[in-house]
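Everything below, folded, please.
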Amino acid sequence: MNYTSRQFGLELLQEANRGYDIVRLSRWAYSKYLSEIRNLDEGLREKIMEVVVMEEGPEFEMNEEELRGFADRLMNQQ
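Sure, this is the predicted structure:
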């Protein structure tokens, strides 16, 4: 069974609801990537990496509103 954008978006929102912490969210996304690497839907790797790289510097960060919008868009992808 594939790990979908919808699943990642939902789980990302759940993680964001636990608190907006860039480092924690970035590391969570990386662990999710590693655990699902063989099951990723096409194009999902790049989307997960957009969250992973937030830890690398302010130029890569999404604020909380942007992150939630990003997750919503993932959940609505077909």
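
got any ranges where this protein has weak pLDDT?
Within the chain, the ranges that satisfy pLDDT under 70 run 78.

Would you map the helices across it?
Counting by DSSP state H, the chain has helices at residues 5-17, 22-36, 44-52, 64-75.

So for the third one, what gets flagged as buried?
This means helix 44-52. Going by neighbour count (16 or more other CB atoms under 10 Å), the buried part of helix 44-52 is 44, 47, 48, 51, 52. For every residue, glycine as well, the C-beta is placed using N, CA and C.

Touching, the third one and residue 33? I think so.
Yes. With contact taken as CB atoms under 8 Å, residue 48 and residue 33 are classed as touching, separated by 4.7 Å.

what sits in contact with each of those two?
residue 40 (CB atoms under 8 Å, 6 or more residues apart in numbering).

Would you mind measuring from the closest residue to residue 43 other than its chain neighbours to residue 44?
Nearest residue to residue 43, sequence neighbours excluded (CB to CB, 6 or more residues apart in numbering): residue 5, at 7.6 Å. Note on residue 5: its distance to residue 44, by CB to CB, to the nearest Å, is 6 Å.

swap in residue 37?
According to CB to CB, residue 37 stands 10 Å off from residue 44.

Number of residues surrounding the residue nearest to residue 43?
22 (other CB atoms under 10 Å).

Go ahead and confirm it touches residue 71.
No. With contact defined as CB under 8 Å, residue 5 and residue 71 do not form a contacting pair (9.8 Å).

quick one: contacts for the closest residue to residue 1 other than its chain neighbours?
Leaving aside its sequence neighbours, residue 1 sits nearest to residue 39 (CB to CB, 6+ apart; 6.7 Å). Neighbouring residues of residue 39 by CB under 8 Å, 6+ apart: 1, 2, 3.
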